[in-house]
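> test case, fold it:
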Amino acid sequence: MPRDTLTGSRIRERRVMAGIKQSELAKRAEISPSYLNLIEHNRRRIGGKLLVDIAYALGVEPTSLTEGAETALLATLREAATGTIMSEAEFGRVEEFAGRFPGWAALLADSQRKVETLQRSVEALTDRLTHDPHLAASLHEMLSTVTAIRSAASILAEPGDIEPEWQRRFNRNIYEDSGRLADSSRSLAQYLEEADSEASETNAPQDEIDAVFQKSGFHLPALEHAGASVDAVADKLGQGLSQSARWLLHGALTRYHRDAQRLPLSDCADVVAVHGSDPLAFAGQLGCDLASAMRRLAHLPDEILPDAVGLAICDGSGVTTFRKPLPEFPLPRLGAGCALWPLYRALARPMMLHTDVMEQSARAAARHRGYAIAQPTGLMRAGEDVLFESHMLIVPEPKRDTSESIRQVGLTCRICPHPTCDARREPSIMVASAPRRL
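Here you go, the predicted model:
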């Protein structure tokens, strides 16, 4: 229903909320109850002085009766409805619902936001459980200790007499194992409580590199000028990192500096001002390869590229070597992403640009366009296979009516609800969702 035909529904809602009878409001507005009834059922348009009089009688601003629900509220409601089976007619009445029942609409929108927050928490936790080596080692140690305690206790519980010396040994083993279990439990609890701290996020060298770039906003002004020293910047940013992480950081900074010298910031700003985040236009205007264009776009500062873009880079084995996630398009750690991403498809057909408009399974309201290409890394040598590296630039895609197909993708199989995906490699812990409304 059009926005300007819902004024009557809003008048009725405000009247009911205020506890005013229809006849009383009609009297205050100096119109007949039957005419007010037609207005409240959106059968008569209203405006001018009558609208002002009714708003005054209800104690609200006239704009609150003529304007529809907030855009953010409507967007959240539509997102909540996307994962359900709903007819087009019902889906199109979302604004009428928000206008007639603002309280219920706000409650539903709040619930949807909580669901999204919980979904992100589940994604982070499952990713951590899968790839966190410290957590896996701690759980293994605890299980081993529990098994040892149970074995000793089962021997003591068996019928028959046990020599006092052996009883003392088994009791001592149980006592020592119980103490070790208590220490491991306290250590693990403390580690989990620090899940949001910087220290707990750096469990592998690649995690440490991710943390460095996240902290800098993925833009390093110190490497933008020609005389910059990669070694000096690496020493400064690498303080407190492991040896492996410092080695990886130096390689990433060397590549960053090389891209910055080939593609100066001022030239990038001029191209982005005209062509936005299109890597094809960027590469064509600046005469560079697509992978370099994607990396440079991902490292531009906010004042040049207001709408942030994401970037994922993986080697020929599919392991992620660089990740810049977006709030609505997270990227898993250590290369356990969705096999349907163009990032991996590009490895099968290198030197060809692959592009898809994607919706992640738990984020139907957010669409992103992925540009991916696999290019050779290093020098080509006669008689030797070429090593490829795949880049995927992730750009927010506005929702609009288009004939282009939307590819439904996930984050990882473990938390992806698509039940019939041919690329699934493990069962999902999520309850299968209803078919998505397209």
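
> residue contacts, the nearest residue to residue 156 once chain neighbours are set aside?
Residue nearest to residue 156 in three dimensions, not counting chain neighbours: residue 170, with 5.4 Å by Cβ to Cβ, 6 or more residues apart in numbering. For the C-beta atoms, the positions are set from N, CA and C on the backbone; glycine is no exception. Shown in contact with residue 170 (Cβ atoms under 8 Å, 6 or more residues apart in numbering): 152, 155, 156, 162.

> any idea how far residue 257 lies from residue 228?
Using Cβ to Cβ, to the nearest Å, residue 257 is found at 6 Å from residue 228.

> re the thing from before, just the ones of the contacts of residue 170 in helices?
152, 155, 156 (DSSP state H).

> ok, of those, which come out buried?
Among these, the ones that count as buried by 16 or more other Cβ atoms under 10 Å are residue 152.

> measure how far the least confident helix or strand in the chain by mean pLDDT is from the centre of its chain, please.
One helix or strand of the chain scores below all others by mean pLDDT, DSSP states H and E: helix 71-82, with a mean of 70. Centroid separation for helix 71-82 versus its chain: 17 Å, with Cα atoms, centre = their mean, to the nearest Å.

> and it, which residues are buried?
By 16+ other Cβ under 10 Å, the buried positions in helix 71-82 come out as 73, 74, 76, 77, 78, 79, 80, 81, 82.

> now distance to residue 279 too, for the contacts of residue 170, in TSV please.
Converted to TSV, the contacts of residue 170 look like this (distance: Cβ to Cβ, whole Å):
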residue	distance to residue 279
152	63
155	67
156	68
162	74
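
> as CSV, those residues with pLDDT and distance to residue 359 would be great.
Shown next, in CSV, are the contacts of residue 170 (pLDDT from 0 to 100; distance: Cβ to Cβ, whole Å):
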residue, pLDDT, distance to residue 359
152, 84, 54
155, 83, 57
156, 82, 58
162, 81, 64
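
> so which of these is the closest to residue 360?
Comparing the contacts of residue 170 against residue 360 with Cβ to Cβ picks out residue 152 as the nearest, at 48.7 Å.

> give me every residue that touches the closest one.
Each residue near residue 152 by Cβ under 8 Å, 6+ apart is listed here: 170, 173, 174, 177.

> need the three-state assignment for the first one.
Same thing as residue 170. Following DSSP: H, G, I helix; E, B strand; the rest coil, the label given to residue 170 is helix.

> number of residues surrounding residue 403?
When neighbours are defined as other Cβ atoms under 10 Å, residue 403 has 4 of them.

> where does it sit, in terms of helix or strand?
Using DSSP states H and E, residue 403 sits within no helix or strand.

> distance check, it against residue 20.
50 Å.

> then residue 266?
63 Å.

> looks like residue 307 contacts residue 300 (just checking).
No. Counting by Cβ atoms under 8 Å, residue 307 does not reach residue 300; the two are 10.7 Å apart.

> so those two - more neighbours on which side?
Taking neighbours as other Cβ under 10 Å, residue 307 and residue 300 compare with residue 300 leading, 21 against 11.

> kind regards, and thank you for your time.
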